[in-house]
Structure formats: C-alpha cells, structure tokens
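Undergrad: Let me see the structure of the following:
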Amino acid sequence: MNPLPPEIARRTFLKRTGINLGGMALASLLHQSSALGAPRPRFADDRWQGVIQPLHFPPRAKRVIWLYMAGGMTHLDTFDYKPKLEELHGKPMPESFTAGQQIAQLQGQQLNCFAPQHPFRKWGKSGQEIAEIWPQLAEKCADDICIVRSLHTDAINHDPAHTFMNTGTMNAGRPAMGSWLLYGLGSESDSLPGFVVMVSTGKFGQKQPIAARQWHSGFLPGQFQGVEFRSTGDPVLYAGNPAGVSQSQQRDVVSAVRRLNELANRRLDDPEITTRISQYELAFRMQTSVPDLMDIRNEPQHVLDLYGTKGGDGSFASNCLLARRLAERGVRFIQLYHRDWDHHGAVKSHSAGTAAEVDQGVAALLTDLKQRDMLNDTIVVFGSEFGRTPMAQGDGRDHHLAGFTMWFAGGGFKPGFSYGATDELGYHAVENRVSVHDVHATLLHLLGIDHARFTYKFQGLDSRLTGVEAANVRHELLS
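TA: So this is what the prediction gives:
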C-alpha cells in the first residue's frame with residue numbers, strides 16, 4: 001500500500017474527506033455541478049431547504065438596493081429643515097454646539113451659521129417635509145419613504161466613513177454588507193453575481209474616489225465579493241468569447257480548467273481554489289445573462305420615459321433601471337454609488353444640480369418596483385457616508401458626523417413616516433439617535449437574520465457585521 005503523501009496528516013485527511021463528502025451530497029441535492037467543499041450560504045432559501053439552518057425570523061424582504069450618495073449629502077438642504085438656522089444665518093455659531101466637537105477643515109476657524117439653501121414643503125398625505133429640489137421624489141413617493149433624521153457616524157473623512165457605512169468598522173479588510181448577505185442568504189440567480197455594484201459620476205461636487213474594498217468580501221471566502229458592473233460600454237470586461245471561439249469550445253475550456261483546479265484543490269484544500277472554480281462557472285453563464293440584462297429593447301417606452309434614459313449612458317437613472325432588472329433576476333444586494341455630493345463650495349447650486357441628477361431615477365425606481373409588486377420584498381436605502389455642517393465653509397459646508405439623514409422604503413419599513421431629529425440647528429442627532437450599526441441590525445432583521453447570532457469565525461473570534469458595540473433593531477421604523 002502506498003503511504004499518504006507526507007504533507008497529509010491524519011487530521012487533515014479526515015477533514016478533507018468530510019468536506020468532499022459534504023460537497024458531493026450538496027451537489028446531488030442541488031442537481032447541478034458544484035465544486036467539492038464549496039462554501040455555501042448559512043441560511044435556507046427555496047433551493048437550500050433542509051440542507052442549511054432556517055432563518056432566525058420570517059423575512060419581510062428578499063433583497064436590498066442601496067442608493068449611495070457618495071461625498072456626503074447635505075441633510076440641511078434636502079431632508080432636514082431648520083428654521084432656527086435660517087434665522088441665525090451669518091451669525092456666529094453658538095459655542096455650546098461646537099465646543100470640543102470633532103470638526104474637519106473648519107477647526108480653529110470662525111464658525112458662522114449657514115441657512116438652508118432651498119425652500120422646504122410638506123408633501124403627500126403624510127406631510128413629509130422635503131426640500132423643493134426633489135420635485136419627483138417628493139411628489140410621487142413622499143408617502144412611500146421612511147425618513148430618519150437622527151443618524152450619526154464615527155468617521156469624519158470620506159474613505160473611513162464609506163468603510164464604516166459599508167462594513168461596520170473603519171478598519172479595512174472587513175466584509176461589506178453585501179458580502180455578508182450573500183454569505184448568509186446566497187443568491188437567487190445562478191447566472192449573475194449575487195452582489196453587484198455600479199458607479200455613476202455627476203457634474204457638480206468634488207469626485208472622491210470609491211475604492212473597490214467597499215464591496216470586498218474581507219475575511220469571507222472570495223466568492224462572496226461584490227462585482228462592479230461598468231455604467232457604459234461592456235458592463236463586465238472580457239465576458240464575451242474571443243473571435244472564432246464558439247460557446248461549446250468555451251465550455252470545453254472552462255470544464256478543463258475546472259478539472260485541473262479540482263485536482264489542485266484535493267491536494268491543497270485551498271478555499272480560494274474553490275472560489276476560482278465557482279467564479280469560472282459563473283463567468284461562463286454570465287456570457288449569456290449579462291447581454292440579456294443590458295438589452296433593454298424589450299422595455300416599454302413608458303418605462304424608459306419614467307426613468308428618463310435610453311440606457312447605457314452611464315447615468316444614475318440608467319443604473320436605477322438596471323438595478324430593477326438585476327432585482328428581477330434574483331441579485332441579492334445591488335449598490336449604486338453616485339459620486340457628486342462633496343459640496344465644500346457653491347452648496348446651493350451644486351446641491352440643486354446633484355439632486356436633479358438623481359431625483360427622476362430614484363422616483364422612477366420606487367414607482368417601478370411598486371407597480372411590479374416588488375417594493376414589498378425589496379428594501380431601498382438612500383443616504384451618504386455622513387452629512388454636512390450647519391456652519392459655513394465659504395458658500396459650502398464641511399463634513400459632519402454628529403447628525404445626518406437617510407431614508408428607507410419597502411421591505412417592511414413604515415411608509416410616509418419621519419423618525420428622529422437633530423437639534424434646532426441641525427448639528428447633533430438628539431431624538432431617537434440611530435447608529436450605523438442600528439441600520440445594519442435593522443436591515444438584517446427584515447431579511448430574517450438576528451445580527452447578534454450572524455457570525456463568521458475569524459482569527460478565533462465570532463465576527464459579525466454589527467461588531468461588538470451595542471446595536472439595536474429599530475422596530476419603530478417597521479410597519
């Protein structure tokens with residue numbers, strides 16, 4: 001009898017054998033080819049019933065569309081009207097608000113109050129107070145959204161604030177929320193990534209970069225990483241076959257590479273090889289699914305008119321239309337970044353201009369989802385990494401972490417509802433304060449997951465999206 005190779009100890013042999021047997025059983029249950037020992041979602045959906053533990057709660061939602069207003073949207077000129085700030089315009093900011101507070105570039109400068117730059121009105125039957133720079137969102141959807149005006153965060157600069165909002169910590173290397181959801185719930189699509197990101201760029205504010213680590217899988221297996229689709233041209237590079245290569249020939253190549261990777265994995269037991277196998281298979285299926293996704297010729301003209309786009313132009317509205325199409329195809333987490341909200345100067349004209357870039361697409365997405373009876377099980381999130389100061393920075397506003405606004409729609413959130421408040425000048429969140437971890441905990445709850453029990457073992461610790469700090473599900477926001 002030939003001895004085992006020297007690098008395989010008894011414990012390793014038993015571990016690998018167990019993984020392989022489990023993988024084969026899973027492949028049999030799924031009736032599809034599956035990498036042996038492939039990482040799999042923790043919780044059950046229709047395809048995984050009886051294989052993986054059930055969800056902690058009955059889910060209200062199946063998917064998330066996160067509309068990320070990158071750069072720091074000014075809450076004071078959009079969704080949080082402060083008449084007292086208007087009254088004190090140009091006068092010194094009371095020191096009682098700012099003494100000892102963390103301020104970005106304004107530290108040590110004369111701090112003067114800066115009034116709301118746009119008129120506000122009450123909209124809809126619910127009387128939601130929204131600035132007039134959102135005519136379509138306010139007119140069509142005020143009674144559909146849940147506005148939370150008492151957010152606060154821990155980060156004062158863009159990149160760590162993005163990282164905190166996406167991963168629950170300012171430290172790089174942690175999984176994004178989309179990766180957590182894909183790990184926990186899996187994807188309903190076999191032919192598209194379960195976590196898709198798209199980025200659009202406007203014409204007004206400073207364009208802060210969005211690093212790919214904002215949709216990275218961190219310490220989770222690589223197959224749960226987000227995939228960025230480009231807004232113009234080919235959404236995924238090299239998805240098409242090279243000239244002269246047929247689909248069957250490409251299938252032969254992918255199958256041969258798979259077999260080689262499986263041989264290597266039996267020897268090395270490397271989870272990243274498993275990821276590579278699954279990603280090759282997904283890429284092959286995407287050669288058909290992505291062109292179908294991008295082909296909007298079957299969309300009725302009234303839908304294109306609703307969004308105000310013909311598609312493929314790189315606009316936020318075009319990405320909103322694609323988000324709906326991705327949601328229909330079973331993508332679990334869709335994140336749209338719009339890079340145009342960093343208004344250190346000319347905040348009046350720039351906030352109006354950026355809102356105009358976004359307004360129709362947002363209203364169209366909510367209306368479209370509602371008409372298709374998809375808003376009930378789709379959570380739409382709208383917000384930035386932080387807010388903007390009530391003090392002037394020339395004719396703009398600086399970064400602000402102590403109070404800002406986000407809104408939510410669908411998926412179990414209470415429609416036509418306002419919650420929380422900042423103080424009379426919009427500086428501190430003072431009423432029903434909501435943390436970033438509270439947001440994550442509440443979203444997970446609506447998806448059927450208890451944030452405190454949703455963990456992944458990393459470096460000997462049970463790590464979770466909401467960290468070790470206190471996080472609360474905000475049941476008051478739920479219908």
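
Undergrad: If Arg121 is in a bridge, with which residues?
TA: Residues in a beta bridge with Arg121, per DSSP bridges, are Ile130.

Undergrad: Hmm, Gln128 and it touching each other?
TA: No. Contact criterion Cβ atoms under 8 Å: Arg121 and Gln128 do not qualify, at 9.4 Å. Bear in mind the C-beta positions are built from the backbone N, C-alpha and C, glycine included.

Undergrad: got any residues that touch both of these two?
TA: Shared contacts of Arg121 and Gln128, defined by Cβ atoms under 8 Å, 6 or more residues apart in numbering, are found at Ala138.

Undergrad: Which of these two has more residues huddled nearby?
TA: Gln128 (24 against 16; other Cβ atoms under 10 Å).

Undergrad: Return the per-residue confidence for that one.
TA: Listed pLDDT for Gln128 reads 97.

Undergrad: how about the nearest residue to it once chain neighbours are set aside, what does it touch?
TA: Using Cβ to Cβ, 6 or more residues apart in numbering and skipping the chain neighbours, the partner closest in space to Gln128 is Ala142 (4.2 Å). Residues near Ala142 by Cβ under 8 Å, 6+ apart: Trp123, Gly124, Ser126, Gln128, Ile130, Gly416.

Undergrad: The fifth one touches Phe79, doesn't it?
TA: This means Ile130. Yes. At 5.9 Å, Ile130 counts as touching Phe79 under the criterion of Cβ under 8 Å.

Undergrad: joint contacts of the two?
TA: Common neighbours of Ile130 and Phe79 are listed as Ile147 (criterion: Cβ under 8 Å, 6+ apart).

Undergrad: In contact with Arg63, which residues?
TA: Contact partners of Arg63, counting by Cβ under 8 Å, 6+ apart, are Ala327, Val331, Arg332, Phe333, Ile334, Asp377, Thr378, Ile379.

Undergrad: go on, Gln360?
TA: Gln360 neighbours (Cβ under 8 Å, 6+ apart): Gln136, Tyr307, Gly308, Ala317.

Undergrad: roughly how far apart are the third one and Ala138?
TA: Going back to what we said before, that points to Gly308. Distance, Gly308 to Ala138, by Cβ to Cβ, to the nearest Å: 17 Å.

Undergrad: ok, those two, which is more surrounded?
TA: Taking other Cβ under 10 Å, Gly308 and Ala138 do not tie; Ala138 has more neighbours (23 against 17).

Undergrad: List the residues that contact that one.
TA: Arg121, Trp123, Gly124, Gln128, Ile130, Glu132 are the contacts of Ala138 under Cβ under 8 Å, 6+ apart.

Undergrad: can you redo these as CSV with distance to Leu461?
TA: Below are the contacts of Ala138 laid out as CSV (distance: Cβ to Cβ, whole Å):
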residue, distance to Leu461
Arg121, 49
Trp123, 46
Gly124, 46
Gln128, 42
Ile130, 43
Glu132, 49
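
Undergrad: ok, for Glu86, nearest residue in space, not its chain neighbours?
TA: Per Cβ to Cβ, 6+ apart, closest to Glu86 is Ala115, 4.3 Å.

Undergrad: any idea how far Asp342 is from that neighbour?
TA: Ala115 is 20 Å from Asp342, by Cβ to Cβ.

Undergrad: who has more neighbours, the two?
TA: Counted by other Cβ under 10 Å, Ala115 and Asp342 do not tie: Asp342 has more neighbours, with 22 against 18.

Undergrad: any idea which element the nearest residue to Ile133 once chain neighbours are set aside lies in?
TA: In space, and not counting its chain neighbours, Ile133 is closest to Ala355: 4.2 Å by Cβ to Cβ, 6+ apart. Under the criterion of DSSP states H and E, Ala355 resides in helix 347-371.

Undergrad: what does Cys146 give?
TA: Assigned by DSSP H and E, Cys146 belongs to strand 145-152.

Undergrad: chain center to that strand, what's the gap?
TA: Computed by Cα atoms, centre = their mean, to the nearest Å, the chain-centroid distance of strand 145-152 equals 17 Å.

Undergrad: cool, and stretch 141-155?
TA: 15 Å.

Undergrad: Please apply the same query to stretch 298-305.
TA: That offset, for stretch 298-305, works out to 26 Å (Cα atoms, centre = their mean).

Undergrad: buried set for that stretch?
TA: Buried residues in stretch 298-305, counted by 16 or more other Cβ atoms under 10 Å: Glu299, Val303, Leu304.

Undergrad: Quick one: residues contacting the first one.
TA: Think Glu299. With Cβ under 8 Å, 6+ apart, Glu299 has these contacts: Gly311, Leu321.

Undergrad: rerun that using 10 Å as the cut-off
TA: Taking Cβ atoms under 10 Å, 6 or more residues apart in numbering as the criterion, Glu299 is in contact with Leu306, Tyr307, Lys310, Gly311, Leu321, Arg324, Arg325.

Undergrad: Identify the farthest-apart pair in these.
TA: Taking Cβ to Cβ, the two most distant members of the contacts of Glu299 are Lys310 and Arg324; they sit 15.4 Å apart.

Undergrad: Look at these two and report which has more neighbours.
TA: More crowded of Lys310 and Arg324, by other Cβ under 10 Å: Arg324, with 21 against 14.

Undergrad: secondary structure element for that one?
TA: Assigned by DSSP H and E, Arg324 falls in helix 316-328.

Undergrad: Partner strands of the helix or strand just after that helix and their direction?
TA: Proceeding N to C from helix 316-328, the next assigned helix or strand is strand 333-339, under DSSP H and E. Pairing partners of strand 333-339, with direction, according to DSSP bridges: strand 63-70 (parallel), strand 195-201 (parallel).

Undergrad: Go through those strands and pick out the most buried.
TA: Most buried of these by mean neighbour count (mean count of other Cβ atoms under 10 Å) is strand 63-70; its value is a mean of 25.

Undergrad: Farthest-apart pair in the contacts of Ala142, please.
TA: With Cβ to Cβ as the measure, no two of the contacts of Ala142 lie farther apart than Ile130 and Gly416, at 11.7 Å.

Undergrad: Low-confidence ranges, this protein, go.
TA: Applying pLDDT under 70 to the chain picks out residues 1-40, 44-53, 233-255, 257-258, 261-262, 264-265, 268, 270-289.
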